[in-house]
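Enquirer: Structure of the sequence below:
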Amino acid sequence: MLRSRLNDALKDAMKAKESLAVSTLRLILAALKDRDIAGRSKGNSDGISEDEILEMLQKMVRQRRDSIEMYTKAGRDELAEREANEIVVIEQFLPQALGEDEMRAAIDTVIAELDASSIKDMGRVMAELKQRFAGQMDFGKASATVKELLA
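Expert: Residues are numbered from 1 along each chain as shown. Below is the predicted model:
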């Protein structure tokens with residue numbers, strides 16, 4: 001489903017001559033193909049799953065946010081702006097992200113369901129969050145919140 005949306009978006013961007021969207025979508029599809037090829041060596045002939053694609057897209061957004069920060073510090077505003085525009089293109093394919101309050105509520109729910117009580121349970125909690133909220137949650141922030149709640 002997500003693969004076909006990406007390919008259709010690339011075709012539409014090419015027809016509309018949107019060069020930034022075309023280049024960003026080509027980067028996404030190239031990264032996807034690389035991961036599919038890497039997955040074949042592990043016996044996965046169908047390619048990576050939808051959840052793995054969502055994780056890949058989230059990682060691409062995080063990388064661009066880091067780049068924006070570095071470009072801004074270096075006074076390269078035109079490059080920071082390009083990265084920001086690429087984020088807009090990538091985020092079209094991600095589900096709506098949870099807000100701070102929603103994320104906190106989801107973490108509280110998972111902790112209660114798993115009866116997690118110490119930092120030793122953090123791995124189980126994070127695994128469950130990743131399974132339930134792939135593409136919807138910033139797991140870096142979630143990890144810090146889980147650690148805070150379990151400490």
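Enquirer: Residue 79 against residue 71, yeah?
Expert: Yes. Using C-beta atoms under 8 Å, residue 79 is in contact with residue 71, at 4.4 Å. C-beta: built from backbone N, CA, C; applies to glycine.
Enquirer: Who has more neighbours out of those two?
Expert: residue 71 (18 against 15; other C-beta atoms under 10 Å).
Enquirer: how far away is that one from residue 14?
Expert: 27 Å (C-beta to C-beta, to the nearest Å).
Enquirer: just residue 140 next, same as before
Expert: 34 Å.
Enquirer: more crowded one of the two?
Expert: Taking neighbours as other C-beta under 10 Å, residue 140 and residue 14 compare with residue 14 leading, 14 against 9.
Enquirer: distance of that one from residue 24?
Expert: Where residue 24 is concerned, residue 14 sits at a distance of 12 Å (C-beta to C-beta).
Enquirer: Please list all residues in contact with the residue most central in space within the chain.
Expert: The centroid of the chain falls nearest to residue 58 when counting by C-alpha atoms, centre = their mean (1.4 Å). Listed by C-beta atoms under 8 Å, 6 or more residues apart in numbering, the contact partners of residue 58 are 94, 135, 138-139.
Enquirer: Mind checking which of those residues are buried?
Expert: 94, 135, 138-139 (16 or more other C-beta atoms under 10 Å).
Enquirer: Just put the residues you listed in TSV and tack on distance to residue 109 and secondary structure.
Expert: Formatted as TSV, the buried ones among the contacts of residue 58 follow (distance: C-beta to C-beta, whole Å; DSSP: H, G, I helix; E, B strand; the rest coil):
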residue	distance to residue 109	secondary structure
94	22	coil
135	18	coil
138	17	coil
139	16	helix
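Enquirer: So which of those residues is the closest to residue 28?
Expert: residue 94 (11.3 Å; C-beta to C-beta).
Enquirer: Let me see the backbone angles for the closest one.
Expert: phi -100, psi 140 (degrees, to the nearest 10).
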